[in-house]
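Q: Whatever this is, show me its structure:
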Amino acid sequence: MTERHDAQRIFMRPLEEADIDPRYVAWFTDIDVTRFIESRNFSADDSKAYLRAGRETRSYFIYAVCLSESQRHIGNLKIGPINWTHGVADLVTVIGDKSCWGQGFAAEAIALGSRVAFKSYGLRKLHGAILADNIGSIKAYTRGGWSIVGRLHAHYLVEGRPMDAVLVSCFADPPAPPPS
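A: As a prediction, this is how the structure comes out:
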């Protein structure tokens, strides 16, 4: 399943084991790329096993984010873990190719990934928690159609220092407001 964004600058396709090459592994050893994520310093074999586990358990699905013009794989988007009972999941994206930073690709991937999650998996809500210092991701999610819905004070420890989590989410169909 290949999904394209309206602007056609990017498309997503399921991540394949062949995508997990030295360039891919290098993304997750780069301190700039991994500054705000917990996924770092793993081998190609670890990555391939993780990819297979998601597919086998259907608890998460990983997509390659690619440039439409060159087909170059520039990052990943993960839908999950999925709570099938409640129809909710996390959605995480990382643009590993630093030459593509600051160009709006993350926001486009988030918007596209949201549509895939709702359409392909029948989910009703997506959510995430972002380190408060990760201004770029907060902007990408809001530009991708998500809303900031809360903040957890001192939720994370970053280098021994408490940091807030900014909570974001979006719905397939916004719920009706509670009766007044």
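Q: From here on, just use CA atoms for contacts and neighbour counts.
A: OK.
Q: Can you tell me the closest non-neighbouring residue to Arg9?
A: Ser68 (5.3 Å; CA to CA, 6 or more residues apart in numbering).
Q: surely that neighbour meets Arg13?
A: No. With contacts counted by CA atoms under 8 Å, Ser68 stays clear of Arg13, the gap being 11.3 Å.
Q: Would you mark the buried spots in the longest helix anywhere in the chain?
A: Criterion DSSP state H: the longest helix present in the chain is helix 105-121. For helix 105-121, a neighbour-count test (16 or more other CA atoms under 10 Å) marks 105-118 as buried.
Q: In CSV: those, plus distance to Pro178 and pLDDT.
A: Formatted as CSV, the buried residues of helix 105-121 follow (distance: CA to CA, whole Å; pLDDT from 0 to 100):
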residue, distance to Pro178, pLDDT
Phe105, 36, 96
Ala106, 33, 95
Ala107, 30, 96
Glu108, 31, 96
Ala109, 32, 96
Ile110, 28, 96
Ala111, 27, 96
Leu112, 29, 96
Gly113, 28, 97
Ser114, 25, 97
Arg115, 26, 96
Val116, 28, 96
Ala117, 26, 97
Phe118, 23, 97
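Q: okay if I get those as JSON lines plus distance to Arg151?
A: Formatted as JSON lines, the buried residues of helix 105-121 follow (distance: CA to CA, whole Å):
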{"residue": "Phe105", "distance to Arg151": "25"}
{"residue": "Ala106", "distance to Arg151": "22"}
{"residue": "Ala107", "distance to Arg151": "21"}
{"residue": "Glu108", "distance to Arg151": "24"}
{"residue": "Ala109", "distance to Arg151": "23"}
{"residue": "Ile110", "distance to Arg151": "20"}
{"residue": "Ala111", "distance to Arg151": "22"}
{"residue": "Leu112", "distance to Arg151": "25"}
{"residue": "Gly113", "distance to Arg151": "23"}
{"residue": "Ser114", "distance to Arg151": "21"}
{"residue": "Arg115", "distance to Arg151": "25"}
{"residue": "Val116", "distance to Arg151": "26"}
{"residue": "Ala117", "distance to Arg151": "24"}
{"residue": "Phe118", "distance to Arg151": "25"}
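Q: What are the buried residues along stretch 142-159?
A: Within stretch 142-159, judged by 16+ other CA under 10 Å, the buried ones are 142-144, 146-148, 151, 156.
Q: nearest to Ala89, of those?
A: Distance to Ala89, by CA to CA, is smallest for Trp146 among those, at 13.6 Å.
Q: if I look at the closest one, how far off is Ala109?
A: As judged by CA to CA, to the nearest Å, Trp146 and Ala109 stand 12 Å apart.
Q: ok, now which ones touch Arg52?
A: Going by CA atoms under 8 Å, 6 or more residues apart in numbering, Arg52 touches no other residue.
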